[in-house]
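>>> quick one, fold the following:
(one chain, ligands or ions: 2)
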Amino acid sequence: MRATSTRGKRGVRAVAAPEGPFVVGVDSSTQSTKALVVDAATGQVVAQGQAPHRVTPGPGHESDPEQWWEALGAALAQCGGAAHQASAVSVGGQQHGLVTLDADGRPVRPALLWNDVRSAPQRDRLVEELGGPGEWAERIGSVPPPAFTVTKWAWLREHEPEAAAATAAVRLPHDYLTQRLTGEGTTDRGDASGTGWWSSRTESYDEGVLEHVGLSPALLPRVLGHGEAAGTVRPGLPLPAGALVATGTGDNMAAALGLGLRPGQPVLSLGTSGTVYAVSPHRPADPSGTVSGFADARTDWLPLACTLNCTLAVDRIATLLGLHREAVDPGGTVTMLPFLDGERTPQLPYASGLLHGLRHDSTGGQVLQAAYDGAVFALLQALDKVLDDGPGGGSGAGSGDRTDAGGAGEQPLLLIGGGAKGAAWRDTVLRLSGRPVRVPRAQELVALGAAAQAAALLLGEDAAAVARRWNTTEGTAYEAVPRDDAALGRLEATLTGADTLLRRP
Ligand SMILES: Nc1ncnc2c1ncn2[C@@H]1O[C@H](COP(=O)(O)OP(=O)(O)O)[C@@H](O)[C@H]1O
Ligand SMILES: O=C(CO)[C@@H](O)[C@H](O)COP(=O)(O)O
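Ligands and ions are numbered 1, 2, ... in the order given. I've put the predicted structure just below:
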């Protein structure tokens, strides 16, 4: 396959002396916090740091929010003096997590994370009790999967009523960190749209849903408008006191900003979660529940499908096989559905991993390749639905802001997230999608998007325009290869054939 490198005049890897001012972008995601100090003029990353998070193993996935705050301090400390010169900061964070705070602003219990599927029974009940999938899609914009905050709050009330009763404030991960910086309870429309209690129809909290789950709106943060400031950094924190704090947003919305996405441009992100999404001028409302109808961090929409099993699941299979993650072999008849955490796309919260088609001559490398194939297959199955979403029959249809790269079928998939660094991931996406792929050279697109949001607030610009000015999509382009329809057919047949097994609680 042929690869070509694209390079703009002022790429994010420019080596010229920074012009300033400096801004800080933060990605507080599932596995770690990453902080970038960025030159607002050029997008050049002048310093960066990263510190890990602990996630509980087992049926539930939880993390202590205090630990995210400590990780943010550690990541900023690694940035050295540059962080102390920052004039603005913004925080992108993993979506959906339920952070419950007491009257003193301290966590009542660890946060329930997006990939914790224990709330699947509460989810099923909520969808039924409030009018069914069609009503949820029309009213909220999404049929909530067990990832959404509303299902986690329902789980908490049922399983730990004393923790729910002690809760004086409910926050999302990025809200929690923003509040630690500013002292103010704020959020943005992008992250709010993943709670299940923010209506994309009215663009406000849905009091009917909140009443149904016994949550007072007074416990929720104020939803800031696009471009509004969340506040300023308080004294005594690991950033300059008085620096501006932008709204922040969910990690996928931040990456969309970081790429300066135009409507219709598809993105495939390979991290703890796998996601496929595109910016759209149309409000999504998918009653099948495959596409979450998120708002983006500006004034558009972000139809998105998300899998629970992506890089961590494939790395786990590699470890079980005793293989390096790149040690894949082509060919063979093995199929794997690597649903180690249950799955959200397809909607199989009770599923576990499934291996099929083993023969005497199957190699370990083929089994590993099958894990990559299964993870990518789940994402690609949802991609067409993501791109078809909206009344115009395509996420870019009717938009004056449409990319000039031609029809949706010809658009390269932008491949981002930690997995985009790996050849096995990239080759699997090329082989199963049949699409051209582009891997931006800039690697931390969530943190870069948050930095663009901070720069936009500081300079009075639009955040996506800032990212475009920074040339963040510059990178290596890979030509399309013929799609491996045989492998896709085997996966489809395994998924259909094992349906009963995969649905069993
Ligand atoms: N060189 C690499 N090749 C392939 N995968 C990689 C490489 N480096 C990191 N990863 C993968 O990236 C994942 C982390 O991606 P990231 O987007 O940072 O996750 P998250 O934002 O969910 O915390 C790890 O689980 C790991 O499997
Ligand atoms: O649940 C979703 C999106 O709906 C996830 O994409 C989370 O936002 C977690 O992201 P990562 O930590 O994997 O980046």
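>>> every contact and neighbour count from this point should use C-alpha atoms.
Will do.
>>> so what's Pro330 up against?
Taking C-alpha atoms under 8 Å, 6 or more residues apart in numbering as the criterion, Pro330 is in contact with Gly365, Gln366, Gln369.
>>> is the residue nearest to the second one when sequence neighbours are not counted in a helix, a strand, or coil?
Right, the one you point to is Gln366. Closest residue to Gln366 apart from its sequence neighbours, by C-alpha to C-alpha, 6 or more residues apart in numbering: Asp329 at 4.8 Å. Under DSSP: H, G, I helix; E, B strand; the rest coil, Asp329 falls in the coil class.
>>> tell me, how many residues neighbour Asp329?
For Asp329, the count of nearby residues is 16 (other C-alpha atoms under 10 Å).
>>> do you know the pLDDT at it?
Listed pLDDT for Asp329 reads 98.
>>> quick one: low-confidence parts of the stretch 401-505 of the chain?
Residues of the stretch 401-505 of the chain meeting the criterion pLDDT under 70: 401-410.
>>> can you tell me the residue of it closest to ligand 2?
Gly417 (7.5 Å; C-alpha to the nearest ligand atom).
>>> next, that residue: phi, psi?
Main-chain torsions, Gly417, degrees, to the nearest 10: phi 90, psi 170.
>>> so it touches Pro440, yeah?
No: with contact defined as C-alpha atoms under 8 Å, Gly417 does not reach Pro440; the gap is 10.1 Å.
>>> up against ligand 1, what does the stretch 301-450 of the chain have?
Thr311, Leu312, Asp315, Gly417, Gly418, Gly419, Lys421, Gly422 (C-alpha under 6 Å from any ligand atom).
>>> out of those, which sit inside strands?
The members of those all map outside strands under DSSP state E.
>>> between the contacts of Pro330, which sits nearest ligand 1?
Gln369 (13.2 Å).
>>> what's the helix or strand for the closest one?
Using DSSP states H and E, Gln369 maps to helix 364-388.
>>> tell me, how many residues neighbour Ala103?
Neighbour count for Ala103, taken as other C-alpha under 10 Å: 11.
>>> what stretches of this protein score poorly on pLDDT?
1-15, 389-410.
>>> what residue is smack in the middle of it?
Residue closest to the mean C-alpha point of the chain, counted by C-alpha atoms, centre = their mean, is Asn252 at 3.6 Å.
>>> gap between that one and Arg469?
The gap separating Asn252 from Arg469 is 20 Å, by C-alpha to C-alpha, to the nearest Å.
>>> ok, now Thr249?
Note on Thr249: its distance to Arg469, by C-alpha to C-alpha, is 21 Å.
>>> pick out whichever of those two has more residues nearby.
Neighbour count, other C-alpha under 10 Å: between Thr249 and Arg469, Thr249 has more, with 35 against 18.
>>> ok, the more buried one touching Thr186?
No: using C-alpha under 8 Å, Thr249 is not in contact with Thr186, being 10.5 Å away.
>>> isn't Leu76 right up against Ala83?
Yes: contact criterion C-alpha under 8 Å: Leu76 and Ala83 qualify, at 6.4 Å.
>>> what do these two both touch?
Leu239.
>>> do I have it right that Gln453 meets Val245?
No: here Gln453 does not reach Val245: they are 9.4 Å apart, not a contact under C-alpha under 8 Å.
>>> find residues that contact each of those two.
Joint contacts of Gln453 and Val245 (C-alpha under 8 Å, 6+ apart) are Ser90.
>>> between these two, tell me which one has more neighbours.
More neighbours surround Gln453 than the other of Gln453 and Val245, with 38 against 27 (other C-alpha under 10 Å).
>>> now name the helix or strand holding the more buried one.
helix 445-459.
>>> packing partners for that helix?
Judged by 3 or more C-alpha pairs under 8 Å, 6 or more residues apart in numbering; DSSP states H and E, helix 445-459 is in contact with strand 22-28, strand 32-39, strand 86-93, strand 244-246, helix 251-258, helix 463-469.
>>> buried deepest among the ones you listed, which one?
Ranked by mean neighbour count, those are led by strand 22-28 with a mean of 32 (mean count of other C-alpha atoms under 10 Å).
>>> what about Gly422, how many neighbours?
Neighbour count of Gly422, defined by other C-alpha under 10 Å: 12.
>>> go on, Arg180?
17.
>>> what sits against it?
With C-alpha under 8 Å, 6+ apart, Arg180 has these contacts: Trp69.
>>> which element is it on?
According to DSSP H and E, Arg180 maps onto helix 173-182.
>>> the chain against ligand 1: which residues are in contact?
With the criterion set to C-alpha under 6 Å from any ligand atom, the chain comes near ligand 1 through 29-32, 271-273, 311-312, 315, 417-419, 421-422.
>>> those residues in helices, which ones?
Among the residues of the chain next to ligand 1, the residues falling in helices (DSSP state H) are Thr311, Leu312, Asp315.
>>> can I get those residues in CSV with distance to Ala192 and neighbour count?
Shown next, in CSV, are these (distance: C-alpha to C-alpha, whole Å; neighbours: other C-alpha atoms under 10 Å):
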residue, distance to Ala192, neighbour count
Thr311, 26, 23
Leu312, 26, 17
Asp315, 31, 18
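>>> out of the residues you listed, which is nearest to Leu261?
Leu261 has its nearest neighbour among these in Thr311, at 23.7 Å by C-alpha to C-alpha.
>>> that closest one touches Gly419, doesn't it?
Yes: with contact defined as C-alpha under 8 Å, Thr311 reaches Gly419; the gap is 6.3 Å.
>>> partners of Gly475 in the sheet?
Pro440 (DSSP bridges).
>>> also Ala305?
Here Ala305, judged by DSSP bridges, has bridge partners Val276.
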